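# everything below, folded, please.
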Amino acid sequence: MGYAEDKAMLKQQESLISELERVIAVDKDIAHRAMMLRRVTDLFAAGSGKFAAEQIELFDDVMGRLAEQIEVSARAELGQILADLADAPPAVIRRLALDDAIAVAGPILSRSAQLDETTLVEGARTKSQDHLLAISRRAVLGEALTDILVERGNAEVVRSTASNHGATFSESGYSILVKRSLLDDELAARVWAYPTVPRQHLLKLFADASETVRAELTKQDPRRAGIIGDMIARATSQIETRTRQNSVDYAAAQALAQTMHDAGKLDEAQLAAFARDGKFEETVVAFSLTCALPIALIEHAFVSRHAEQTIVLAKAAGYSWDTTKAVLLLQATTQPISTRELEQHFEAFAQLKADAAKKAIKLYLMREQARKPRLN
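Sure thing, here's the model as predicted:
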């Protein structure tokens, strides 16, 4: 924009602002105020990216006062225009984002780069499911927002959030997604397809889903329960194997643990350290190597709803309670554990005999071996 154009725009701004001061002061006609707001908005959109901070502040004040008491349609039109302007007046943007009418708030919530996270979080906590759905469609979603969306949102909101590859999730967020997937097959598919879900949560998702399917099929035909149970167990094992083989995290963990094992540095203390540091992959591999047990057996125990399997494995391996506790707390990242439950697990661990634990594992391995297809 040249000097002459800049000067013309400045003159237009001054003329319009003078008129606005009169309108705001004495004109209470809603239709006239809406018309003036549209003129101001068009002027701002035409010069967007070229205004100084004090000019934006002036537009913010004028637009805000004109927007008071105008109809929803006029506010919605304002929102559609401002949603894509990176330097849109911030106070007006906040007011539109928290508008109860989704026609007004929707474009701002889903597209505006000017909208700060504090306002987004406030809207996510207090506004309607339609507002949450609009937020779930933003190009980038941080953990503070996704935590609220997956906890408070309805099925449509949670599915939308799980399909947004610009979203990041906390450990709690992943756990909630997996939990809600148990009653929502479509959500389960979206969680599985999400590129950054930690592998332990994916394994948890499959473990729980297979249990749900088993219960339903058993209810329909109890006589076939044994056969169906074997089929599901075999299918789940194949899925876990493919997941493991395709996991970059697992490959790195396996390489590290194997190197330490070959050097004689992988022992119970190192296993406990992996668990306390929240390193799921490393803990699983280390457990498998130090106990000389199949990794699938360790994974099944770690992602199970029940801690008994982990307790049996630890007791059979001769691990201390401190090590077992560290592993149980790692396991609890996908299934929270209370202090009382931990005390009960300690009692079970103390009462369990090592010989009994070893026999239980031996029986399990024999059963798994019998399930493998025989070659003719």
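# contacts, neighbours, all on C-alpha from now
Noted.
# show me what contacts the nearest residue to Ala101 once chain neighbours are set aside?
Sequence neighbours aside, Val72 is the residue nearest to Ala101 in space, at 7.3 Å (criterion: CA to CA, 6 or more residues apart in numbering). Val72 makes contacts with Ala101, Ala103, Val104, as judged by CA atoms under 8 Å, 6 or more residues apart in numbering.
# which ones among those lie within helices?
Under the assignment DSSP state H, the contacts of Val72 contribute Ala103, Val104 to helices.
# of the contacts of Val72 - the most surrounded one?
Highest neighbour count within those, by other CA atoms under 10 Å: Val104, with 23 neighbours.
# isn't that residue right up against Arg95?
No. Using CA atoms under 8 Å as the test, Val104 is too far from Arg95 to be in contact (9.7 Å).
# picking that back up, nearest to Ala326 among the contacts of Val72?
Nearest to Ala326 out of the contacts of Val72 is Ala101 (CA to CA; 49.5 Å).
# quick check: the gap between Ala83 and Gly142.
The gap separating Ala83 from Gly142 is 20 Å, by CA to CA, to the nearest Å.
# comparing the two, which shows the higher neighbour count?
Shown here are Ala83 and Gly142; by other CA under 10 Å, Ala83 has more neighbours (24 against 13).
# and the helix or strand hosting Ile81, what's buried?
If you go by DSSP states H and E, Ile81 is part of helix 72-82. Buried residues in helix 72-82, counting neighbours by 16 or more other CA atoms under 10 Å, are found at Val72, Ala74, Arg75, Ala76, Leu78, Gly79, Gln80, Ile81, Leu82.
# end to end, how far does stretch 294-313 reach?
One end of stretch 294-313 sits 11 Å from the other (CA to CA).
# in it, what counts as buried?
For stretch 294-313, by 16+ other CA under 10 Å, it's 295-305, 307, 309-313.
# also stretch 102-118?
102-115.
# now the end-to-end length of it.
Note: stretch 102-118 ends 19 Å apart using CA to CA.
# which other residues reach that stretch?
Contacts to stretch 102-118, defined as CA under 8 Å, 6+ apart, come from residues 72-73, 75-80, 82-88, 90, 93-94, 96-99, 120, 130-131, 134-139.
# can we see that at 6 Å?
Stretch 102-118 is contacted from outside by 75-76, 79-80, 83-84, 86, 96-97, 99, 134-135, 137-138, using CA atoms under 6 Å, 6 or more residues apart in numbering.
# now swap in stretch 135-149 and tell me
The contact list for stretch 135-149, computed with CA under 6 Å, 6+ apart, reads Leu109, Ser110, Arg111, Val121, Thr161, Gly166, Ala167, Thr168, Phe169, Ser170, Gly173.
# spell out which helix or strand contains Val327, please.
Per DSSP H and E: helix 321-331 holds Val327.
# so which elements touch that helix?
In terms of contacts (3 or more CA pairs under 6 Å, 6 or more residues apart in numbering; DSSP states H and E), helix 321-331 is packed against helix 268-276.
# now do the helix it packs on: everything it contacts.
Here helix 268-276 makes contact (CA under 6 Å, 6+ apart) with Thr283, Ala286, Thr323, Ala326, Val327, Leu330.
# got it, and stretch 320-335?
Residues outside stretch 320-335 that contact it (CA under 6 Å, 6+ apart) are Ser175, Ala272, Ala275, Arg276, Gly278, Phe302.
# list just the nearest of those residues to Ala357.
Phe302 (16.5 Å).
# secondary structure class for the closest one?
Using DSSP: H, G, I helix; E, B strand; the rest coil, the structure places Phe302 in helix.
# excluding chain neighbours, what is closest to it?
Excluding the flanking residues, the one nearest Phe302 by CA to CA, 6+ apart is Gln331, at 5.5 Å.
# how many residues are close by Ala326?
Counted by other CA under 10 Å, the residues lying close to Ala326 total 19.
# quick one: it and Ala189, what's the gap?
Distance from Ala326 to Ala189, by CA to CA: 31 Å.
# can you pull the domain assignment for this protein?
Following automatic domain parsing, the chain resolves into domains at 1-115, 124-197, 223-371.
# which one of those has the lowest average pLDDT?
Per-segment mean pLDDT for the domains of the chain reaches its minimum on domain 223-371, at a mean of 79.
# how about the helices in the stretch 251-376 of the chain?
Using DSSP state H, counting those that start in this stretch, the helices of the stretch 251-376 of the chain run over 268-276, 280-291, 295-303, 308-317, 321-331, 339-351, 354-371.
# got the buried residues for the second one?
When you say that, I think you mean helix 280-291. Within helix 280-291, the residues that qualify as buried are Phe280, Glu281, Glu282, Thr283, Val284, Val285, Ala286, Phe287, Ser288, Leu289, Cys291, counting by 16+ other CA under 10 Å.
# gap between that helix and the chain center?
Centroid separation between helix 280-291 and its chain, computed with CA atoms, centre = their mean, to the nearest Å, is 27 Å.
# who are the packing partners of that helix?
helix 248-262, helix 268-276.
# check the burial of Gln258 by counting its neighbours.
Around Gln258 there are 18 residues (other CA under 10 Å).
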